[in-house]
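**Q** Requesting a structural model of the entry that follows:
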Amino acid sequence: MFVRKHHGAAVIVFLIMSGLVACSNAQHTAVIAGSIEDAETGEPIRFAQVLVEEANRSSRTDREGRFEVRFLEAGNYTLKAWRIGYEPLVSLVEVGGAGSDTSHVILRMPVSLVQLGEVIVDGRGESHVMSDSDMDIGGRRLRQHLGTTIAETLDNEPGIAMRSMGPAPARPVLRGLGGERLLVIEDGGRTGDLSATSADHVVAIDPLMTERIEVVRGPAALLYGPNALGGVVNAVRGYVPVIMPAEIHAVGVFQGQSANDGLSGGFSLEAPIGGFAVRTDGSLRNSGDVSTPIGILANTALTTGNGSVGISRIGEWGHAGVSGSYYTSRYGIPGGFIGAHPQGVDIELSRRHLKTKGMILDILPRFSHLEFEGSFSRYFHQEYEASGTVGIEFGLLSYYGRLLARTHGRRHNSLVSLWGGYRDFASGGFTFTPNSREWTVAAFRYQDINLENMSFQGGL
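**A** You can find the predicted model right below:
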């Protein structure tokens, strides 16, 4: 065994206990209540997603097409709504005006056909610089491009490429930057894997049950860690629930692939229990060797399993919760090319992950809320040679924590963040990599200013 035990988990326990205490009696009484209808038939649209962008709060319509977003401050908000099969809507809503704390809205969504993105061919020979804005890929767009890995799912997006040594160990490359310069994270936190250290190591995220994928570039990427020079790819899973579901809600996904006889399936379940929100999910993926026009690419099979359970306490003061997840995978790396094992290699890994996350309203002056999160990961990885012997193995213990204070206004948003991490790495077998311990502490400030025709962002 090459992993040493430590007492850093006490930090996680402290964050859990402090987050579950209601720390403020301040009132956030403003409410956005409304319904979403089919623009042609007037029928209610069930299970549509609703997001209040400035407050970072979301909801989902019930069977009657109704929704509510509670615990808001008075002000102007951007309300976004989307549902597979309908065109997304954006509406500006004023809350807390005219002597009422509840704003009622009715959104009518037109039906949308599946359309391909347009291709513009410009023969003038001019240089066009790609937009540096963030991406938020979810809903129908995510399902249309859903692949075996996060990198494969994003491969068709502008400015994003993929590096790979087989179907399993694929990782995104953003504007030519990868490795440690590009963070691939899950629910805003580190995955605790070793995917950035070598091209044959996988990202310990299965995209099958991912709600959406965010791509963050520019100054805002600093909020996720000090080395995000190339940007951040954030897979939003929702391990820790942040909204109270109106009723039991279940989702099932099934996917098949002909090129490798692959099958995958997954589910997620959300339910309200008293003042708590409970969520669980699971997925399985199995595929054989990849077929190519010149034959079978040997040793490219993949088997992956993933499961999680999370619970949150949600109230007027905010929310706080914990989750636990388990990820396991076995996959092959093909041989026969330069730099590879002659007969290929099989890799087997597992990751146990604990996470706590929460938000407390009006606990700090000048800031509307304080967010906190902490995580612990235990990662173990073995590589088997063609003879069946273990050639190399790795163990990694990871502890991460972050505090973030946020405020927003009509024309500006401000965030201050304190981030810390600890890693304990060990290796064995035919390797010359020394064991190591690593501590990181960082503080960040982010500010954006939105004017009528332009916006400015800055990070320090």
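**Q** Could you list everything residue 185 pairs with in the sheet?
**A** residue 234 (DSSP bridges).
**Q** Tell me, how many residues neighbour residue 318?
**A** 23 (other C-beta atoms under 10 Å). The C-beta positions use only the backbone N, C-alpha and C, and glycine is treated the same way.
**Q** for it, what are its contacts?
**A** 24, 71, 358-361, 369 (C-beta atoms under 8 Å, 6 or more residues apart in numbering).
**Q** Out of those residues, which sit inside strands?
**A** Using DSSP state E, the members of the contacts of residue 318 that fall in strands are 71, 358-361, 369.
**Q** Who wins on neighbours among these?
**A** Neighbour max across those (other C-beta under 10 Å) = residue 358, 26 neighbours.
**Q** Run through the bridge partners of it.
**A** Applying DSSP bridges, one finds that residue 358 bridges with residue 320, residue 372.
**Q** Hmm, residue 323 and it touching each other?
**A** No - proximity of residue 358 to residue 323 does not meet the contact threshold set by C-beta atoms under 8 Å, at 11.7 Å.
**Q** Please identify every residue contacting each of these two.
**A** In contact with both residue 358 and residue 323: residue 240, using C-beta under 8 Å, 6+ apart.
**Q** contacting residues for residue 459?
**A** 218-223, 444-447.
**Q** Return the members of the residues you listed classed as buried.
**A** 219-223, 444, 446 (16 or more other C-beta atoms under 10 Å).
**Q** Would you mark the buried spots in the one helix or strand residue 67 maps to?
**A** Using DSSP states H and E, residue 67 falls within strand 66-72. Neighbour-count burial for strand 66-72 flags 67, 69-72 (criterion: 16+ other C-beta under 10 Å).
**Q** min pLDDT across the residues you listed, which one?
**A** The lowest pLDDT within the buried residues of strand 66-72 belongs to residue 71, which sits at 82.
**Q** list the contacts for that residue?
**A** Counting by C-beta under 8 Å, 6+ apart, residue 71 touches 28-30, 57, 316, 318, 361.
**Q** So, low pLDDT: which residues of the chain?
**A** 1-28, 97-100, 113-133, 337-341, 408-411 (pLDDT under 70).
**Q** all helices for it, in order.
**A** Ranges of helices in the chain, per DSSP state H, are 9-19, 139-144, 150-154.
**Q** now stretch 269-282, how far from the chain's geometric center?
**A** Its chain's C-alpha centre and that of stretch 269-282 lie 19 Å apart, by C-alpha atoms, centre = their mean, to the nearest Å.
**Q** residues in contact with it?
**A** Here stretch 269-282 has contacts from 209, 237-241, 243-251, 266-268, 305-315, 321, 323, using C-beta under 8 Å, 6+ apart.
**Q** again, only using 10 Å
**A** 60, 208-209, 237-253, 265-268, 305-315, 319, 321, 323, 325-326 (C-beta atoms under 10 Å, 6 or more residues apart in numbering).
**Q** ends of that stretch, how far apart?
**A** 9 Å (C-alpha to C-alpha, to the nearest Å).
**Q** Could you do stretch 254-264 as well?
**A** End-to-end distance for stretch 254-264: 6 Å, by C-alpha to C-alpha.
**Q** still on that earlier bit, any chance of the buried ones among the contacts of residue 459 in a markdown table, with distance to residue 344 too?
**A** Listed next are the buried ones among the contacts of residue 459 as a markdown table, based on distance: C-beta to C-beta, whole Å:
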| residue | distance to residue 344 |
| --- | --- |
| 219 | 43 |
| 220 | 40 |
| 221 | 36 |
| 222 | 40 |
| 223 | 40 |
| 444 | 43 |
| 446 | 45 |
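**Q** Which ones among those residues map onto strands?
**A** Using DSSP E, the buried ones among the contacts of residue 459 in strands are 444, 446.
**Q** want to throw the contacts of residue 459 into CSV with distance to residue 459?
**A** Formatted as CSV, those follow (distance: C-beta to C-beta, whole Å):
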residue, distance to residue 459
218, 8
219, 3
220, 7
221, 8
222, 4
223, 8
444, 7
445, 7
446, 5
447, 8
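**Q** ok so, going back, okay, the strand holding residue 67 in PDB with CA atoms only?
**A** Provided in PDB are the C-alpha atoms of strand 66-72 (Å, rounded to 0.1, in the frame of the first residue of the first chain):
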ATOM      1  CA  ARG A  66     -45.400  26.000 -12.500                       C
ATOM      2  CA  PHE A  67     -42.100  27.000 -10.800                       C
ATOM      3  CA  GLU A  68     -40.900  29.200  -7.900                       C
ATOM      4  CA  VAL A  69     -37.500  30.700  -7.100                       C
ATOM      5  CA  ARG A  70     -37.400  31.900  -3.500                       C
ATOM      6  CA  PHE A  71     -35.100  33.700  -1.100                       C
ATOM      7  CA  LEU A  72     -34.100  36.500  -3.500                       C
END
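**Q** if I pick the nearest residue to residue 336 once chain neighbours are set aside, what's in contact with it?
**A** Closest residue to residue 336 apart from its sequence neighbours, by C-beta to C-beta, 6 or more residues apart in numbering: residue 342 at 7.0 Å. For residue 342, the contact set (C-beta under 10 Å, 6+ apart) comprises 335-336, 385-386.
**Q** Check residue 221 too.
**A** Residues in contact with residue 221 (C-beta under 10 Å, 6+ apart) are 134, 174, 182-183, 215, 227-232, 234, 444, 446, 459.
**Q** ok, so what distance separates it from residue 179?
**A** 15 Å (C-beta to C-beta, to the nearest Å).
**Q** same deal with residue 342?
**A** Residue 342 is 26 Å from residue 179, by C-beta to C-beta.
**Q** quick one, strands of the stretch 51-200 of the chain?
**A** Secondary structure of the stretch 51-200 of the chain (DSSP state E, counting those that start in this stretch): strands located at 57-60, 66-72, 75-82, 89-95, 102-109, 135-138, 160-164, 170-174, 182-186.
**Q** Next, the buried residues of the fifth one.
**A** With burial defined by 16+ other C-beta under 10 Å, the residues of strand 102-109 counted as buried are 103, 107, 109.
**Q** what comes up buried for stretch 357-376?
**A** Going by 16+ other C-beta under 10 Å, stretch 357-376 has these buried residues: 357-363, 367-376.
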